[in-house]
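Novice: I would like to see how this sequence folds:
(one chain, ligands or ions: 1)
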Amino acid sequence: MAQYTRVSGSVGLITLQNPPVNALSAAVRQGIVNTVQRALSEPEVKSVVICGQKGAFCGGADIKEFGTNMSGPPLVPMIHAIESAVKPVVAAIEGVALGGGLELALGCHYRIAHSKARLGLPEVTLGLLPAAGGTQRLPRLIGVPAALDLITTGRHVTATEALQLGIVDQITDHNTVDVAVKFALSVAGQSLDSRRISSYPCPRHSDFDALFEAAMQKVHQSARGAIAPVACVQAVRAAATLPYSQGMEREKELMATLFTSGQARALQYCFFAQRAVGRWSMSSGARWDTSKPRPVHKAAVIGLGTMGRGIAVALAQAGLSVVAVETQEKQLIEAKQAVTGMLERGAKRRGVTPALDKITYSPNIQNVADVDLIIEAVFEDMALKEKVFKQLSAVCKPGTFLCTNTSGLDINRLASQTCNPELVVGMHFFAPAHVMKLLEVVYGPRSSPHAVATAMHLGKKIGKVSVAVGNCRGFVGNRMLKPYLEQALFLLEEGATPEQVDQALEEFGFAMGVFRMSDLSGLDVGWRVRKADGLVTSDATTGQQARIRQGHRYSPLGDLLCEQGRFGQKTGRGWYQYDKPGSRVAKPDPWLQNFLEEYRARHGLVVRRIDHQEVLERCLYSLINEGFRILEDGIAAGPEDIDVIYMFGYSWPRHRGGPMFYASMVGLARVLERLEYYHQAHPDVPSLHPSTLLRKLVANGSPPIHKWREVIKKLHSQL
Ligand SMILES: C[C@H](O)[C@H](C)C(=O)SCCNC(=O)CCNC(=O)[C@H](O)C(C)(C)COP(=O)([O-])OP(=O)([O-])OC[C@H]1O[C@@H](n2cnc3c(N)ncnc32)[C@H](O)[C@@H]1OP(=O)([O-])[O-]
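Specialist: Now for the predicted structure:
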């Protein structure tokens, strides 16, 4: 909907009305067409202002309409009618002007933005490209290099940067609509020939071929198989090489290749999934809209190792007062230096003052008595964490939330160490904690909805994508990672190489394959967990028993590497070799080839050819199968929770939509059939045994992913 009023006598004011972001739904587009016609036809009206209701100009096309038969007036001619108008049209930009919203503003003759506004063409993040003239008008207005950057990255720019780039003509700290109306009065009757961007020539560049070649190379490197960034470069190239109308044809052609693509569906699913996880629910039935968070003004971090330092930085950067506790004097001094450096570098990048005064450092746990919430991040050892929770419970004021950053230990056991187990939840950060977006908020059987609400709210406040999950070994992310890692080791036993497995996974879209990722995070981390689980035995050298644990197949390959001190990047040797400890460039290691051959010979394993398809199916389908078990157990409320965890915490390629969405795209029947095939070949590997929920979904005709929650609910009610 768009409202029309006449203000200041001769200005037609058009207000977009579609809360919360005034997205360009069919009704809004029709409203704009009608009100623009009216403004242009009323003789009293000398100029026009377009603005958005409730402090937001426009969040772009209505993404909810994409999967439907779209109706209503198309955007391109609607914007042409504005640009070719004989009366000046001024866009008054408050809040956001994104995608089709910015394209609408680029069709206007003038753009005035509030100083806090954000502008951008983020279509590429939805697997699309700016298809309402953005790829043709923006390069003409700000030049090709700047336009390429904004369109291929989809990043939002501040009003200040938009003014520097020439996207907006003026910014204001005052009421933007008032300023725009005054401005519209001042330009009434002036010639608009120089204000129609589509008529601008595209600014010349010394060597367009080199520029576009470099841009294409850059997107190929960062896209990891995503097709939209490539199409964005091709569309901007049309702006640089073709007349406007032909460029618009090219833009339309390229958009047609993207609009119905699987990648666009995956990325738009990711957009809504990221918002759906904010509407969390617990297996007890408590929900986001019935559980009030408590305010957290002052927090504490216990243990200033790598994770503790990152968590302290994330809290301070979000404006919280932080008490950072480390009982080891030397570690405390080093941590203070490291945290100070991280805050200064972060502030420099964001152009703000570093929040150094927000953190107080202490070797004494007594100093956290008055905080609202504590995050324990000491060494990953249950006995040590239990001791710390007992201490904290004795020291803290009533009502203080006690959170742990454990990556998989039992939350309920830690809660048992305290007087108020209802105040205990997990806040599982991902390294580096001040950078990675994901936060798993883990509730135990006694965690109160208030504790979950408070942790989720704090997560949002510090800029995290927070997902509420139940308490089980490894929670969601690490629990699903176990079968994925297991299959990778089994594939090595059967003849694959680390390079081959990693190549298949990186071609699929992962930033790093499983073996390069293990070398980065350190093989000793998993080794310690397997030792704690009693899986590591001293005589893992020969015989069947060496490869069986608790009656199931087990590969001691990782343990054998660790026994030789091959922990990965940190020791310069792991699944790959590195120039020196700490270096990041992985090179195939002949030693490992020989080691694998000897190992296979020793265990009588026959080497066979393994193709990429098998690597992907065994690694990904076993992970997905565990995802279905997690949904069965009610540890995750819905597939979106799992998919957001994997996209924001485990670099699952977003243009594949997350493991559960990927399974729905491949086809659940296919996933089931392949798991049955591999389980038949490997009956001693339970992670390949298809889960009940997967079978149930296939038996129910493989409903679309947004319908899975109903099947899960029915399954739970039958249990
Ligand atoms: C032709 C043209 O070239 C092409 C093809 C296009 O134009 S493609 C479209 C391009 N536009 C975009 O990519 C912008 C997408 N939106 C955002 O980036 C953010 O939303 C935001 C604008 C920066 C606000 O962030 P927020 O944190 O304040 O609130 P929120 O929770 O995110 O959003 C609040 C609510 O608004 C919903 N919403 C936001 N933008 C929407 C949109 N464009 N369409 C439909 N719904 C939208 C969102 O789902 C949520 O709903 P619910 O969960 O409450 O039910």
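Novice: switch to C-alpha atoms for all contacts and neighbour counts from now on
Specialist: Fine.
Novice: and stretch 184-196, which residues are buried?
Specialist: Neighbour counts over stretch 184-196 (16 or more other C-alpha atoms under 10 Å) mark Ala184, Leu185, Val187, Ala188, Leu192, Arg195, Arg196 as buried.
Novice: Alpha carbons only: can I get that stretch in PDB?
Specialist: Extracted in PDB, the C-alpha atoms of stretch 184-196 (Å, rounded to 0.1, in the frame of the first residue of the first chain):
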ATOM      1  CA  ALA A 184      11.600  19.200  -3.300                       C
ATOM      2  CA  LEU A 185      10.100  22.700  -3.100                       C
ATOM      3  CA  SER A 186      13.500  24.200  -4.000                       C
ATOM      4  CA  VAL A 187      14.000  22.100  -7.100                       C
ATOM      5  CA  ALA A 188      10.400  22.400  -8.500                       C
ATOM      6  CA  GLY A 189      10.400  23.500 -12.100                       C
ATOM      7  CA  GLN A 190      14.100  22.800 -12.600                       C
ATOM      8  CA  SER A 191      15.300  20.800 -15.600                       C
ATOM      9  CA  LEU A 192      15.700  17.100 -14.900                       C
ATOM     10  CA  ASP A 193      17.700  16.100 -17.900                       C
ATOM     11  CA  SER A 194      20.800  15.800 -15.800                       C
ATOM     12  CA  ARG A 195      19.000  13.800 -13.100                       C
ATOM     13  CA  ARG A 196      17.900  10.700 -15.000                       C
END
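Novice: where are the low-confidence patches of the stretch 501-650 of the chain?
Specialist: 538-544 (pLDDT under 70).
Novice: For the ligand, what's its nearest residue on it.
Specialist: The ligand sits closest to Glu640 of the stretch 501-650 of the chain, with a gap of 12.9 Å, by C-alpha to the nearest ligand atom.
Novice: returning to what we had before: most widely separated two among the buried residues of stretch 184-196?
Specialist: Between any two of the buried residues of stretch 184-196, the greatest separation by C-alpha to C-alpha is 18.7 Å, found for Leu185 and Arg196.
Novice: got the domain boundaries for this protein?
Specialist: 2-259, 291-472, 496-602, 613-718 (automatic domain parsing).
Novice: hey, least reliable of those domains by pLDDT?
Specialist: Mean pLDDT per stretch puts domain 496-602 lowest among the domains of the chain, at a mean of 92.
Novice: Figure out how far it is from the centre of its chain.
Specialist: In terms of C-alpha atoms, centre = their mean, to the nearest Å, the centre of domain 496-602 is found 28 Å from the chain centre.
Novice: Then stretch 226-241?
Specialist: That offset, for stretch 226-241, works out to 24 Å (C-alpha atoms, centre = their mean).
Novice: At the geometric centre of this protein, which residue sits there?
Specialist: Taking C-alpha atoms, centre = their mean as the criterion, Phe648 is the residue nearest the geometric centre of the chain, at 3.9 Å.
Novice: who touches that residue in this structure?
Specialist: Met436, Lys437, Leu438, Val465 (C-alpha atoms under 8 Å, 6 or more residues apart in numbering).
Novice: wait, isn't the last one in contact with Ala276?
Specialist: No. Look at Val465 against Ala276 with C-alpha atoms under 8 Å: they stay out of range, at 10.7 Å.
Novice: and the residue in the stretch 351-500 of the chain positioned nearest to the ligand, how many neighbours does it have?
Specialist: Here the stretch 351-500 of the chain gets closest to the ligand at one residue, Lys460, 9.8 Å apart by C-alpha to the nearest ligand atom. By the criterion of other C-alpha atoms under 10 Å, Lys460 has 16 neighbours.
Novice: mind checking how far it is from Val90?
Specialist: Computed with C-alpha to C-alpha, to the nearest Å, the distance linking Lys460 and Val90 is 35 Å.
Novice: Show me which residues of the protein are close to the ligand?
Specialist: Proximity of the chain to the ligand, by C-alpha under 6 Å from any ligand atom, involves residues 20-21, 23, 59-64, 98-100, 122-123, 130-132, 272, 275.
Novice: Mark which of those residues are buried, thanks.
Specialist: The buried subset of these (16+ other C-alpha under 10 Å) comprises 21, 23, 59-63, 98-100, 122-123, 130-132.
Novice: Could you tell me which of these are located in strands?
Specialist: Leu98 (DSSP state E).
Novice: quick revisit: name the nearest of the contacts of Phe648 relative to Gln503.
Specialist: Of all the contacts of Phe648, Met436 has the smallest distance to Gln503: 24.0 Å, by C-alpha to C-alpha.
Novice: Burial check on the closest residue in space to the closest one that isn't next to it in sequence, number of neighbours?
Specialist: Nearest residue to Met436, sequence neighbours excluded (C-alpha to C-alpha, 6 or more residues apart in numbering): Phe430, at 5.8 Å. When neighbours are counted by other C-alpha under 10 Å, Phe430 registers 21.
Novice: change the start of the numbering to 59 and stick with it
Specialist: Understood, numbering begins at 59; the last thing we discussed is Phe488.
Novice: And Phe488, its phi and psi?
Specialist: Per-residue torsions, Phe488: phi -120, psi 140 (degrees, to the nearest 10).
Novice: And Met485, by the same measure?
Specialist: The phi/psi pair for Met485 (degrees, to the nearest 10) is phi -130, psi 90.
Novice: wait, what's in contact with it?
Specialist: For Met485, the contact set (C-alpha under 8 Å, 6+ apart) comprises Ile433, Cys461, Thr462, Asn463, Thr464, Leu497, Glu498, Val499, Val500, Ala513.
Novice: hmm, 10 Å instead?
Specialist: 433-435, 460-465, 497-501, 510, 513-514, 517, 524-526 (C-alpha atoms under 10 Å, 6 or more residues apart in numbering).
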